[in-house]
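Participant: dropping a prediction and its sequence here:
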Amino acid sequence: MRRRRYDVVVIGAGTAGLVAATRLAQAGAGVCVVARGFGSTHLAAGTIDVLGYAPERVERPLDGLSRLIAAQPEHPYSRIGSGAVSAALEWFATTVASGVLPGYTYVGGIERNLLLPTALGVLKPSALVPASFAAGDAHALRRVAVAGITALRDFHAGLCAENLRAAGLDAHPVTLALELDRADTGTLGLARRLDDAQWRAGFCARLAPLVGGFDQVGLPAILGLREPHAVWRDCEQRLGCAVFEIPALPPSVPGMRLFELLAGALRAAGGTVAIGAGVVGHRRDGGRAGGRVLSVQADTAGSPTSYEADAFVLASGGVHSGAIALDSHWQAHELVLGLPLAGLPGPGEPRFAPGYFDEQPFARVGVAVDERLRALGASNVVVAGASLPGAVPWREGSGEGIALASGYHAAAVLAAELGAGVAA
Ligand SMILES: Cc1cc2nc3c(=O)[nH]c(=O)nc-3n(C[C@H](O)[C@H](O)[C@H](O)COP(=O)(O)OP(=O)(O)OC[C@H]3O[C@@H](n4cnc5c(N)ncnc54)[C@H](O)[C@@H]3O)c2cc1C
């Protein structure tokens, strides 16, 4: 078995793991991220939703956070504190702005949610969003065209525009007749084509006559992977109006940009990412129930690798990524490090609610932690992201905000111990 040694090993390459790893590397720690695969970045919208519903729609996330923290002491935001949430958002915006995608920035903040159309034409509250999304903010939309492309069968401009009209907006569908070979019909294929200036010029020339006279044009989020800022600006210039991206079905192009930005920042700070390294075992110095984790063993190409470290961040995504699962006796287990769980439904209480959109009792299950996000079952493991207990991110619209803020906070906790220099 190969052996590697780091100051900190981070398990999981979603937003939480990449943020924790980057912050630690920036503070001077030797860091490696090991992950079975990509995280939710490649599926979700690429926005940082801090708090969208509590339970009514939240206009001002900072005010909503204060109320949530007062009412729910077990919630991850209560452990992190609203000050660290603000600091994490600021750090993220700055990191992106100086990142590997020139000109690409995030706009917004914790003061006020933007209200952005989804592919279904539902308005979704988000705190921090790619600048190429911002012209879609419903607070400022005027006469807007929603542009579909015949080749992209998963995005229905008619449905999106109809639902936006039902919400009181002046939205109209237009469809660009464009058929491509099968390999290119997804969001990713179109994004790669739009990175090509010549192909983009032809695309815009065919779209421009359809969107003349509109104030804004909403396109599915396909505006480039390599140079998305330049692609977006070029489209605005060629179409002669404000252009905004609407998150489409996975794979998520803006989410892939988010991954590249965070992984790029981590590498720039000296850290490494190993994708395709699922953790299948670990060693401890205090038996299964406590003590310290000494190493994790991952299935890597060629032969397994043992990753040793002084400390670990568990950012494995919790229930929705399969890192916490029920066995055939309906007992829940944390599968990566065998850590104790919190937020479980009590004996005899239902595990699931009948309605799909009901609050599911299992949604709040996560790894049991103390006030500093330290796992109760292992003294050198800090937990971040969707592995934390106490939240209902799908209902709250808080998944990415929790991932970012807890990754940021977990790094501060460990850096202080390792004697590295980031602020808590
Ligand atoms: C389709 C979809 C849409 C979403 N939409 C939104 C939205 O609009 N707004 C919002 O706020 N949130 C949304 N979310 C939720 C949000 O994306 C997540 O809550 C958040 O990204 C969780 O980040 P994370 O880093 O904690 O975990 P994840 O991103 O799930 O990452 C988990 C990581 O752990 C790794 N891993 C798991 N097990 C192991 C193992 N044994 N060994 C090694 N690695 C392992 C995985 O491979 C992955 O890299 C959405 C999620 C999905 C799936």
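Facilitator: All right, it came through fine.
Participant: just grab the bridge partners of V129 for me.
Facilitator: Listed by DSSP bridges, the beta-bridge partners for V129 are V107.
Participant: how deep is it tucked in, by neighbour count?
Facilitator: Around V129 there are 26 other residues, counting by other C-beta atoms under 10 Å. Quick note: C-beta positions are derived from backbone N, CA and C, even for glycine.
Participant: can you check the one 5 residues further on too?
Facilitator: Other residues lying near A134 total 19 when counted by other C-beta under 10 Å.
Participant: one more: K124?
Facilitator: One way to gauge burial is a neighbour count; for K124, by other C-beta under 10 Å, it gives 21.
Participant: how close does it get to L115?
Facilitator: For K124, the distance to L115 (C-beta to C-beta, to the nearest Å) stands at 7 Å.
Participant: kindly report the residues of the stretch 301-424 of the chain close to the ligand.
Facilitator: 315-317, 321, 323, 336, 385-386, 393, 397-400, 403 (C-beta under 6 Å from any ligand atom).
Participant: next structured bit after the helix or strand harbouring A309?
Facilitator: Taking DSSP states H and E as the definition, A309 sits inside strand 305-314. Counting by DSSP H and E, the next helix or strand C-terminal to strand 305-314 is helix 318-321.
Participant: next one: that following helix to chain centre, how far?
Facilitator: Averaged C-alpha coordinates place helix 318-321 at 13 Å from its chain's average position (C-alpha atoms, centre = their mean, to the nearest Å).
Participant: cool, stretch 242-250 as well?
Facilitator: Using C-alpha atoms, centre = their mean, the mean C-alpha position of stretch 242-250 is found 16 Å from that of the whole chain.
Participant: and it, what's buried?
Facilitator: Within stretch 242-250, the residues that count as buried by 16 or more other C-beta atoms under 10 Å are A242, V243, F244, E245, I246, P247, A248, P250.
Participant: out of those residues, which are close to the ligand?
Facilitator: Counting by C-beta under 6 Å from any ligand atom, nothing from the buried residues of stretch 242-250 sits close to the ligand.
Participant: restricted to helices, list those residues.
Facilitator: Judged by DSSP state H, the subset of those located in helices is empty.
Participant: for the residues you listed, which one is nearest the ligand?
Facilitator: For the buried residues of stretch 242-250, the residue nearest the ligand by C-beta to the nearest ligand atom is P250; the value is 6.2 Å.
Participant: does the closest one really touch S40, like I thought?
Facilitator: No: taking C-beta atoms under 8 Å as the contact criterion, P250 and S40 are not neighbours in contact, 9.6 Å apart.
Participant: which ones are touching the residue of the stretch 151-300 of the chain found nearest the ligand?
Facilitator: Among residues of the stretch 151-300 of the chain, the one nearest the ligand by C-beta to the nearest ligand atom turns out to be V279. It sits 3.6 Å away. Taking C-beta atoms under 8 Å, 6 or more residues apart in numbering as the criterion, V279 is in contact with I11, V34, R36, V296, Q297, A298, S316, V336, L337.
Participant: what's the closest of those residues to C204?
Facilitator: Each of the contacts of V279 was checked against C204 using C-beta to C-beta; the closest is R36, at 39.7 Å.
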